[in-house]
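Enquirer: Take a look and give me a structure for this.
(one chain, ligands or ions: 1)
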Amino acid sequence: MPSPRLRFAPSPNGRLHLGHAYSALLNADVARALQGELLLRIEDIDPARCRPELADALVADLAWLGLTFPEPVWRQSARMSTYRAALDDLRRRGLIYPCTCTRRQIQAAAGEARDPDGAPLYPGTCRGRSVPEEPHAWRLDMARALSACPGPFAYTAFAPGEPDAVRAADPARWGDAVLGRKDVPTSYHLAVVLDDAAQGITHVIRGQDLEAATDLHVLLQRLLGLPTPRYHHHGLIRDAGGDKLSKSLRSEALAALRERGVSAGEVRTRLGF
Ligand code: GLU
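Expert: Modelled structure (predicted):
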């Protein structure tokens, strides 16, 4: 058995809020219980939304909570050549295709079909086309991927204090997902599976909002010959009105709580630690 290794992997596109604090503290608790290691990974692939000063701020917010991490802290923006190499490999195997569709075109062509995130399901307009001159994304050819790598797909779900459970995964519901964006040679899905494997992550703890994405991640791991970690998808921290906290709701930013005089200990208690 490899030694337990976990990661907290925020995106520096806003300040951390209570939901992030919950996820980070749960990762730290489980890492401690397993006598494992917890890494921090900065998921900053989006050049339009991620800012270096927000990455510094999240490290400071986590330190305020009492969480420090082994160095070096990986930044995904520094790993583009690795992501590009994986895309090249998938391209040579005929498993991805270039796509020039705009959001609006996809919306118009998709009809009612939706992916698990609620976005229009890509109808395959560009499937089979040759590489264009203009900027393009790269999409997984789901049908080819599933014939290269037939299911069934499953992963081990763990929860602190509970027996492991096997979860069936259905990657097909994601359709021809984007693996390389127009602006960067990766997408969240590709970068996360490559980095979890490269960093030797054995246990992934993240919010329930990413549970459906795990179905696609399991397929990508099989296609790329990567191990599948164990997963725990925790419930989301909600605001007083019952809505999921998002970074756009600045009121619950850890920095705002700190400025109002709330202590890190009070945050932990409020989150049930
Ligand atoms: N970077 C993602 C986020 O901030 C989390 C990725 C993950 O835990 O897999 O939502």
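Enquirer: And for the residue of the stretch 51-200 of the chain found nearest the ligand, the neighbour number?
Expert: Proximity to the ligand, evaluated over the stretch 51-200 of the chain using Cβ to the nearest ligand atom, is greatest for Val192 at 4.8 Å. (Glycine included, C-beta is placed from N, CA and C.) Look at Val192: counted by other Cβ atoms under 10 Å, it has 26 neighbours.
Enquirer: Report the contact partners of it.
Expert: Residues in contact with Val192 (Cβ atoms under 8 Å, 6 or more residues apart in numbering) are Ala9, Glu43, His217.
Enquirer: ok now do the second one, which residues does it touch?
Expert: Applying Cβ under 8 Å, 6+ apart to Glu43 gives the contacts Ala9, Pro10, Ser11, Pro12, Gln76, Tyr188, Ala191, Val192.
Enquirer: Now do the strands in the stretch 1-150 of the chain.
Expert: For the stretch 1-150 of the chain, the strands defined by DSSP state E, counting those that start in this stretch occupy 5-8, 37-42, 74-75, 96-99, 137-140.
Enquirer: how about the residues of the stretch 151-273 of the chain that lie near the ligand?
Expert: Val192, Arg206, Leu210 (Cβ under 6 Å from any ligand atom).
Enquirer: Just confirm the first one is within a helix.
Expert: Yes - if the criterion is DSSP: H, G, I helix; E, B strand; the rest coil, then Val192 is within a helix.
Enquirer: That one and Leu210, how far apart?
Expert: For Val192, the distance to Leu210 equals 9 Å [Cβ to Cβ, to the nearest Å].
Enquirer: Which residue, other than its chain neighbours, is closest to Ala212?
Expert: Spatially, and ignoring its direct neighbours in sequence, Ala212 is nearest to Pro116 (3.5 Å; Cβ to Cβ, 6 or more residues apart in numbering).
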